[in-house]
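**Q** have a look; sequence and predicted model below, questions after that.
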Amino acid sequence: GEDVEQSLFLSVREGDSSVINCTYTDSSSTYLYWYKQEPGAGLQLLTYIFSNMDMKQDQRLTVLLNKKDKHLSLRIADTQTGDSAIYFCAVLNSGYSTLTFGKGTMLLVSP
Amino acid sequence: DVKVTQSSRYLVKRTGEKVFLECVQDMDHENMFWYRQDPGLGLRLIYFSYDVKMKEKGDIPEGYSVSREKKERFSLILESASTNQTSMYLCASRGTGAYTDTQYFGPGTRLTVL
């Protein structure tokens, strides 16, 4: 089945850019998602990208997709302390409407 | 506004008890999901349902069952709770329209089994 890998931890200073990386194994994946989880809360969809796109920008968020290398990244510009959270990469599986999630990257933003 | 609600935020049960976790969505979504989340393991799919009375096993169904009698409600059942089922349980729902339908999550239930 699909496998999604992420680094577990990232620490940045407020105002810097953050880049969270993700790799996946199924080249037929059509939609790829980034979710954010704040402490004690459920997951909130941040953005998604379709597999025929290379890049998608949404305010401070930029998603880059390298389909050849099966690599997805999320860039957060001007990172704020409120961006501290766990970020999950997820890939839509073929067949049923299920997602495979990475283990999540904990982003810590220090003042 | 979109809403997925879970019956409890925190729950403490004893080993061997039967436990019901309830999830309700108000978006008329066909698909509903139960995940558990553990540190270092991420989210793992337990069961999902793509229609009323339909269910499919996810990656870790052992020790769990589910019930979907109405479209808006999806219940996770621990027939005989064990300490290794202590975890955060997340419910989600998703429509079957275009692929851009978002999977919406509830706030989670933190279950402790003593």
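**A** Alright, I've got the coordinates. Numbering: from 1, shown residues only, chains lettered A, B, ... in the order given.

**Q** show me what the spatially most central residue of chain B is bridged to.
**A** Among the residues of chain B, the one closest to the centroid is B:Trp34, at 2.7 Å (CA atoms, centre = their mean). Bridge pairing for B:Trp34 (DSSP bridges) gives the partners B:Tyr47, B:Cys91.

**Q** cool, and B:Lys13?
**A** Bridge pairing for B:Lys13 - DSSP bridges - gives B:Val113.

**Q** what about A:Met106, distance to chain B?
**A** 10 Å (CB to the nearest CB, to the nearest Å). (Glycine included, C-beta is placed from N, CA and C.)

**Q** residues in contact with that residue?
**A** Residues near A:Met106 by CB atoms under 8 Å, 6 or more residues apart in numbering or on different chains: A:Leu8, A:Phe9, A:Leu10, A:Ala85, A:Ile86.

**Q** interface residues of chain A facing chain B?
**A** A:8, A:30-31, A:33, A:35, A:40-45, A:48, A:50, A:88, A:90, A:92, A:96-99, A:101-104 (CB under 8 Å from any CB of the partner chain).

**Q** low-scoring stretches of chain A, by residue?
**A** For chain A, applying pLDDT under 70 flags the ranges A:95-96.

**Q** hmm, I was thinking of chain B
**A** Across chain B, the ranges flagged by pLDDT under 70 are B:1-2, B:97-101.

**Q** what's the helix or strand for A:Tyr33?
**A** strand A:31-37 (DSSP states H and E).

**Q** and after that strand, which helix or strand comes next?
**A** Criterion used, DSSP H and E; the element after strand A:31-37 is strand A:43-50.

**Q** dump the C-alpha coordinates for the helix or strand harbouring B:Ile77 into PDB.
**A** Per DSSP H and E, B:Ile77 falls inside strand B:73-78. This file holds the C-alpha atoms of strand B:73-78, laid out as PDB (Å, rounded to 0.1, in the frame of the first residue of the first chain):
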ATOM      1  CA  ARG B  73     -23.800   8.900  12.700                       C
ATOM      2  CA  PHE B  74     -20.800   6.500  12.800                       C
ATOM      3  CA  SER B  75     -20.000   4.700  16.000                       C
ATOM      4  CA  LEU B  76     -16.800   3.000  17.000                       C
ATOM      5  CA  ILE B  77     -17.100   0.200  19.500                       C
ATOM      6  CA  LEU B  78     -14.500  -1.400  21.700                       C
END
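
**Q** does anything pack onto the strand holding A:Tyr33? Which helices or strands?
**A** strand A:18-24, strand A:43-50, strand A:61-66, strand A:85-92 (3 or more CB pairs under 8 Å, 6 or more residues apart in numbering or on different chains; DSSP states H and E).

**Q** following the second one, which helix or strand comes up?
**A** Put plainly, it is strand A:43-50. Downstream of strand A:43-50 (by DSSP H and E), the next one is strand A:55-58.

**Q** and that following strand, what does it pack against?
**A** Using 3+ CB pairs under 8 Å, 6+ apart, strand A:55-58 sits against strand A:43-50, strand A:61-66.
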